[in-house]
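Q: Provided below for reference: sequence and predicted model.
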Number of protein chains: 6
Amino acid sequence: MMRTRKFAELTWKEIQGEIKQDAGIILPIGSTEQHGYHLPLATDAMLAEDLALAAAGQTNMLVAPPVTYGYRSRPLTGGGQSFPGTTSLSGKVLMSMIEDLLCEFMRHGFKKIVLLNWHFENQNFIYEAAYTALERMGKLEGVVDGPKIMVMELSFSELSDDTMDLLFASEFPGWGTEHAAILETSLMLHLHPELVQFEKAVNDQAEQTPWYDVLPIPSKMVPESGTLWKARLADKKKGEAAWREITDNAAASIHNEFSTTVKI
Amino acid sequence: MMRTRKFAELTWKEIQGEIKQDAGIILPIGSTEQHGYHLPLATDAMLAEDLALAAAGQTNMLVAPPVTYGYRSRPLTGGGQSFPGTTSLSGKVLMSMIEDLLCEFMRHGFKKIVLLNWHFENQNFIYEAAYTALERMGKLEGVVDGPKIMVMELSFSELSDDTMDLLFASEFPGWGTEHAAILETSLMLHLHPELVQFEKAVNDQAEQTPWYDVLPIPSKMVPESGTLWKARLADKKKGEAAWREITDNAAASIHNEFSTTVKI
Amino acid sequence: MMRTRKFAELTWKEIQGEIKQDAGIILPIGSTEQHGYHLPLATDAMLAEDLALAAAGQTNMLVAPPVTYGYRSRPLTGGGQSFPGTTSLSGKVLMSMIEDLLCEFMRHGFKKIVLLNWHFENQNFIYEAAYTALERMGKLEGVVDGPKIMVMELSFSELSDDTMDLLFASEFPGWGTEHAAILETSLMLHLHPELVQFEKAVNDQAEQTPWYDVLPIPSKMVPESGTLWKARLADKKKGEAAWREITDNAAASIHNEFSTTVKI
Amino acid sequence: MMRTRKFAELTWKEIQGEIKQDAGIILPIGSTEQHGYHLPLATDAMLAEDLALAAAGQTNMLVAPPVTYGYRSRPLTGGGQSFPGTTSLSGKVLMSMIEDLLCEFMRHGFKKIVLLNWHFENQNFIYEAAYTALERMGKLEGVVDGPKIMVMELSFSELSDDTMDLLFASEFPGWGTEHAAILETSLMLHLHPELVQFEKAVNDQAEQTPWYDVLPIPSKMVPESGTLWKARLADKKKGEAAWREITDNAAASIHNEFSTTVKI
Amino acid sequence: MMRTRKFAELTWKEIQGEIKQDAGIILPIGSTEQHGYHLPLATDAMLAEDLALAAAGQTNMLVAPPVTYGYRSRPLTGGGQSFPGTTSLSGKVLMSMIEDLLCEFMRHGFKKIVLLNWHFENQNFIYEAAYTALERMGKLEGVVDGPKIMVMELSFSELSDDTMDLLFASEFPGWGTEHAAILETSLMLHLHPELVQFEKAVNDQAEQTPWYDVLPIPSKMVPESGTLWKARLADKKKGEAAWREITDNAAASIHNEFSTTVKI
Amino acid sequence: MMRTRKFAELTWKEIQGEIKQDAGIILPIGSTEQHGYHLPLATDAMLAEDLALAAAGQTNMLVAPPVTYGYRSRPLTGGGQSFPGTTSLSGKVLMSMIEDLLCEFMRHGFKKIVLLNWHFENQNFIYEAAYTALERMGKLEGVVDGPKIMVMELSFSELSDDTMDLLFASEFPGWGTEHAAILETSLMLHLHPELVQFEKAVNDQAEQTPWYDVLPIPSKMVPESGTLWKARLADKKKGEAAWREITDNAAASIHNEFSTTVKI
């Protein structure tokens, strides 16, 4: 068994060995974004990497150093760019960076590649990076034994009804709004309790959450705390239950898609 | 009353007059994308422009020439790029083009600008274009009497329960999957019946629609027809009802956001 | 016979059929630019598309949705950027957009591609887009049965002496200066009389028209009306005669270059 | 009097002094492009710099190191890219380079800037570079005492009737076709006779010179020699006469535009 | 005292408080690059972040999430790109990413910014990113109380003679060649012994190390192991001594440059 | 024997002949940068081209028109951007330009290509251009008989101990600081005495030269004269001796690397 799944903690010789044994690679993608009064800026980046590590262990994958800076926060799904600390890349730079990394993985010989995202606003930019990377490598048309990229943009969206009930009872506000709120707080309480200042957590919401966006960002669309929903309803047990499903689901999807045998 | 709301059919002198009277401008954004056996490639672009014209009449807005080529079609929401005729722009080019246009509108003196989208995959690229355009003009921080951009990425998503029932009964597959299916076919039957070959319409769906994407595009995720759901359930009446709500909703949102008086 | 030559009004299945029968595709390229007191901003875009449709009918070509926003207006050939309504793309964005579209057409399987321009200032940007698109597809070196791109930058420049006499008598100011003046006004009177406000047309010219340009644009190089020459000399009959030659010439050139049989 | 007009042969302290005395700067722009059997690749770059130096002496301008690599050669005006030695920049790179240089000149404090071109295909790219440079410096709107850029794209196009007669008699083929032919050969015989191998000069022309372009470049549009017209009709005397007019014209235009006093 | 110096482990409210107290920010920049048989790919990224944290504690700075992917490895200083696992960004993407991040830090209100590099090949790209970020923010000309960026490209280059002697005796090969060799191995033995497989360390060198580079990379310039010098001479004690000097030096430089009082 | 080694002074037919005989090509890369009170801005560009011509004569190489504008001057190695006359390209534009040129040389059929730099700050940008050019041409993986690019970034760094003693006695300040000082002044006295105003030369140095950079550039890091070291110690004899070694070394390196026979 591998002593670590972390790509960057291995030597080049070990990487070479892994590739020969047909290992895959997961690139976790997060953000550095405000998560209310109680959660650290790193929340998305940590959850993305944690999920990748959990899934990697079951599927013979390595985990590359995460993309820790993501696309700009949008008011209705992350509070927007105006909070000190929310540190983002423009869409073009994010895409170019991921494209470069994918081309490197393909150059190394990886055939099984996963982009595992935990930041709502990264959607589409990630998909486009996968598209242009394949185009640049001349691998856009599927070929036998060519590289295959899974693009997992919404890793948290497939919870069972039971878990949804446990988390939200009857009050699910939609995944966009569920920022720095019940799910993320619960997960962080489960995974990184030392980084959660739960006593500062609040239930909050924007004055208005229309179906469209406005720029420059109007204050009415941004809750003061940066928490977009009811963080105080979070607890460790909810986190544990949700995490089990999320990791199982990610691992199963990777497993199925690549027809890998689970490693023991 | 204006003889036309179409920006491009006016002279520069008329545009000048409109701007002096504080008119706004809507940029419709669509795509050139397969829409099954029965709908034209122009479906998204036509619906975006139709909606803009309907809303413009009630809100003292002009309608700019539409963005007719959009971001790449994705399998789970548009069938993907492999259909002949689906003609798309890369993410970077789409963003740059919209950014350029927004800067031009601001340069002309428009203060009320709407990006009105009818192509699921354009999301985020449109928002980013609005962001970088404001940044380039030095107007990202809201200023009194500065330009304001509404970003309407999902103009069709706010239907009433009644209309949802009329359209989908109990079988709503999600807006992503509703491509070239009940809503779009119904709307086109209502608005452009001469371009609908309803006799060719089919109910269809992909063999698999997982929660993630895969590139190169696997055939199992692409229905043969390009219709992602049940187009045969469409009819003109559904289209009429949905269209009334969609146009009212867009006009009301624009009206509220810009506090314009409806023009008579 | 095709019910329409408009690419975007067809279904993907119809496009597939056309490609199998070796149809070509024309991309009309225009602008959204001031055309004096009497002509709409859309003049270039409309003439480009009209010409494409006229030529397409004789040559088994389809007509793609036009590029309606072109390169910046220059004072000596279009009045310059300072008129409200003149809405342009930067050179890089225009080139990138056309490059993307050409690559898409080649990906679909089109072998016969025409870029048909009706905006003086688009020159060179269009040619470069064709060059880089072929380079990106690895098709820059001519190969048997490879794609071929015609770049028609000055579709209006080949009139017979008779027609030149009819249009200009002895007073031809050069094609650059002939903006929103005799030719374009005459053509619009012939093709879209409902969009011409001929009563507002003026004869005008800039105070100075040196052989070089100056930036920032000096007012001495810009006529107040935006009409660079004598629009009042235009009439429908001139338009009809010129249009016949222009369309015949474009169709004949396409026909000859691609050795297509004229379709009946 | 300055010991040299060459910007790059001065020290920074001398440049500082020149700027204080309100000197201007000319950037010559040429190409590295085939010019038939008898002229060097440097022809355009040399003529651009020669002209700049001639004009600079009369107008208190400095001459920056020339842009020696220009935009791609086009078949109908330069023979096209297929000749060994024709070494070109893409349109985007050429524009970006000139934009960077213009911003540097403005940063130094130059108010009078001239882009002096001698390569047909550079047109529009040069203008756009001037536009975007001013935009980047926030100087696009003319301000009192702000920088002013003259864009001289066709420095050779203003010859008197007498000189045109002397050069071409009744057979002027247009400036595009006049590549490596009568004018350029005559000028080089006058200015750099040691670099002209006149014994190798030929009269030549392409098999076809339609009004449109085709890519990939068809051989019928490219004369074997690279000379597009009648080089053998060139002589030193024609060169001398044309050069006098061209330099006088450039100097007078610069002088008039900047209202500078001719320096003695 | 702060519970952590890690920017990303704080909440936005804590960041806001830090900025009000005039805290600075350090961005560590490393690479993901082969480091011989015995050191992990993360070596540069870890050393960059370790150094940042050590210096931050003495200077009231925060430490942003590190740039873990750097510019391409070059043969003479890192073994080159051909080792599996060496995962790099192109120069343009690296610069753009750092530029974006710097602009974000300035937007947050940081005045004291440090780029702290531990990857030889990142030089110049980092400096340019600082330059263009300031240009984009309009802060390139120094202003009172404006942001100031320290660019520390070679943090390891200032060792005392004693430490140089301890490390290299009389055999210092130059910092470029000292890759995965004495210094880095010693530091990792001191800081992260659990990630060093010292038993696999070798003394190695390329067959040829000329003063120039060659592309494609010739094998004669690449040692088989990826270690460019004598890794076996490393030990923990050397690492401890060098680390003390390097961290003291970085902290003192930051302290002096920003005239900050050391925080207690 | 060739009448000239200058690529641009040849005709395309002569270039074709040279390529057939397997000639190589050198691209000299310099800068337009302040060099103290006594040396011209062109110093780097002239030395780069002189060196290329000297080496070319011994190695069957041609010399392309030099890159005369280089990357921005940095305070510790060139005085920084604040001197009037220092005219630089951004890193991205410099890289893109060299990439374009390299692709052109490869397209012409050159197999032996040398990038010969004489401007400290161009490092890494030049290497990256060579890398991306090969990637774009699909030639990054070495192939038999494929093109090979030598990247000579520090052509002056290999002097013998004797020459170093002659130049610097015991006081060598490092190559970065040796700007506009002993070596460059001596070389210019030897090669272009008419462009050296030696009476204005000074010994100078910055108030502080720390191991890191700071932006915006602080005045303490910039010597008033722009000379970073002791220019008055220069003389013609030192220049002659150093030049002999530098040119021999460059020629020998090129010769060895390409296994060319020295031409007679």
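A: Received the coordinates, thanks. Residues are numbered from 1 along each chain as shown, chains lettered A, B, ... in the order given.

Q: can you tell me how far the residue in the stretch 51-200 of chain A that chain D sits nearest to sits from chain C?
A: Ranked by Cβ to the nearest Cβ, the top residue of the stretch 51-200 of chain A for proximity to chain D is A:Lys92, at 15.0 Å. Placement of C-beta: from N, CA and C, glycine included. Noted for A:Lys92: a distance of 12 Å to chain C, by Cβ to the nearest Cβ, to the nearest Å.

Q: that residue sits in which helix or strand?
A: helix A:91-108 (DSSP states H and E).

Q: burial measure for the residue lying closest to A:Leu159 once chain neighbours are set aside, as a count.
A: Closest residue to A:Leu159 apart from its sequence neighbours, by Cβ to Cβ, 6 or more residues apart in numbering or on different chains: A:Glu245 at 5.6 Å. A:Glu245 has 16 neighbours, counted by other Cβ atoms under 10 Å in any protein chain shown.

Q: list the contacts for A:Glu245?
A: Contact analysis of A:Glu245 by Cβ atoms under 8 Å, 6 or more residues apart in numbering or on different chains lists A:158-160, A:163.

Q: pull the residues that contact the helix or strand hosting A:Met164.
A: A:Met164 belongs to helix A:161-168 when assigned by DSSP H and E. With contact meaning Cβ under 8 Å, 6+ apart, helix A:161-168 is reached by A:159, A:172, A:182-183, A:186, A:238, A:241-242, A:245.

Q: let's see 7 Å
A: A:172, A:182-183, A:238, A:241-242, A:245 (Cβ atoms under 7 Å, 6 or more residues apart in numbering or on different chains).

Q: what's the neighbour count on A:Ser170?
A: So A:Ser170, with other Cβ under 10 Å, has 6 neighbours.

Q: that one and E:Gly70: what is the separation?
A: 49 Å (Cβ to Cβ, to the nearest Å).

Q: and for A:Asn60?
A: With Cβ to Cβ as the criterion, A:Asn60 and E:Gly70 are 28 Å apart.

Q: coming back round to it: give me the buried positions along the helix holding A:Met164.
A: A:163, A:166-168 (16 or more other Cβ atoms under 10 Å in any protein chain shown).

Q: out of those, flag the one nearest to chain B.
A: Nearest to chain B among these, with distances taken as Cβ to the nearest Cβ, is A:Thr163, at 14.9 Å.

Q: so for that closest one, what's the pLDDT?
A: In this model, A:Thr163 is scored at 95, pLDDT.

Q: with A:Ile264 instead?
A: Confidence score, pLDDT, at A:Ile264: 38.

Q: so A:Leu116 sits in a helix?
A: No. According to DSSP: H, G, I helix; E, B strand; the rest coil, A:Leu116 belongs to no helix; its state is strand.

Q: now do the contacts for it.
A: A:26-29, A:48, A:51-52, A:152, A:155, A:250.

Q: now A:Arg72
A: Per Cβ under 7 Å, 6+ apart, neighbours of A:Arg72: A:81, A:88, A:121, B:131.

Q: now it: how far from C:Asn122?
A: From A:Arg72 to C:Asn122 the distance is 33 Å (Cβ to Cβ).

Q: repeat that for A:Glu178.
A: 48 Å.

Q: and the two? Which one has more around it.
A: C:Asn122 (29 against 20).

Q: and the more buried one, what pLDDT?
A: At C:Asn122, pLDDT is 98.

Q: with A:Thr260 instead?
A: So, for A:Thr260, pLDDT stands at 48.

Q: in contact with A:His108, which residues are there?
A: A:His108 neighbours (Cβ under 7 Å, 6+ apart): A:19, E:84-85.

Q: give me the nearest residue to A:Trp211, chain neighbours excluded.
A: That would be B:Glu158: by Cβ to Cβ, 6+ apart, it lies 5.1 Å from A:Trp211.

Q: same check on A:Thr227?
A: Closest to A:Thr227 by Cβ to Cβ, 6+ apart is A:Gly36, at 3.6 Å.

Q: against chain E, how distant is whichever residue of the stretch 51-200 of chain A sits closest to chain B?
A: Going by Cβ to the nearest Cβ, chain B is nearest to A:Gly142 of the stretch 51-200 of chain A, at 3.6 Å. Separation of A:Gly142 from chain E (Cβ to the nearest Cβ) stands at 24 Å.

Q: hang on, that residue packs against B:Val214?
A: No. The pair A:Gly142 and B:Val214 fails to qualify as a contact (Cβ atoms under 7 Å) at a distance of 9.5 Å.

Q: please say which of these two ends up with more neighbours.
A: Shown here are A:Gly142 and B:Val214; by other Cβ under 10 Å, B:Val214 has more neighbours (20 against 16).

Q: phi, psi of the spatially most central residue of chain A?
A: Nearest to the mean C-alpha position of chain A, counting by Cα atoms, centre = their mean, stands A:Trp118 at 1.9 Å. Main-chain dihedrals, A:Trp118, degrees, to the nearest 10: phi -140, psi 60.

Q: what about the closest residue to it other than its chain neighbours, which helix or strand?
A: Take A:Trp118 and drop its neighbours on the chain: the residue closest to it by Cβ to Cβ, 6+ apart is A:Ala48, 3.9 Å away. Assessed by DSSP H and E, A:Ala48 sits inside helix A:43-59.

Q: which other helices and strands does the helix or strand following that helix contact?
A: Remark: after helix A:43-59, the chain's next helix or strand is strand A:61-63, criterion DSSP H and E. If contacts are counted by 3 or more Cβ pairs under 7 Å, 6 or more residues apart in numbering or on different chains; DSSP states H and E, strand A:61-63 sits against strand A:24-29, helix A:43-59.

Q: I'd like the next helix or strand past strand A:61-63.
A: Next element after strand A:61-63 (DSSP H and E): helix A:75-78.

Q: distance check, A:Phe7 against A:Glu257.
A: For A:Phe7 relative to A:Glu257 (Cβ to Cβ), the value is 20 Å.
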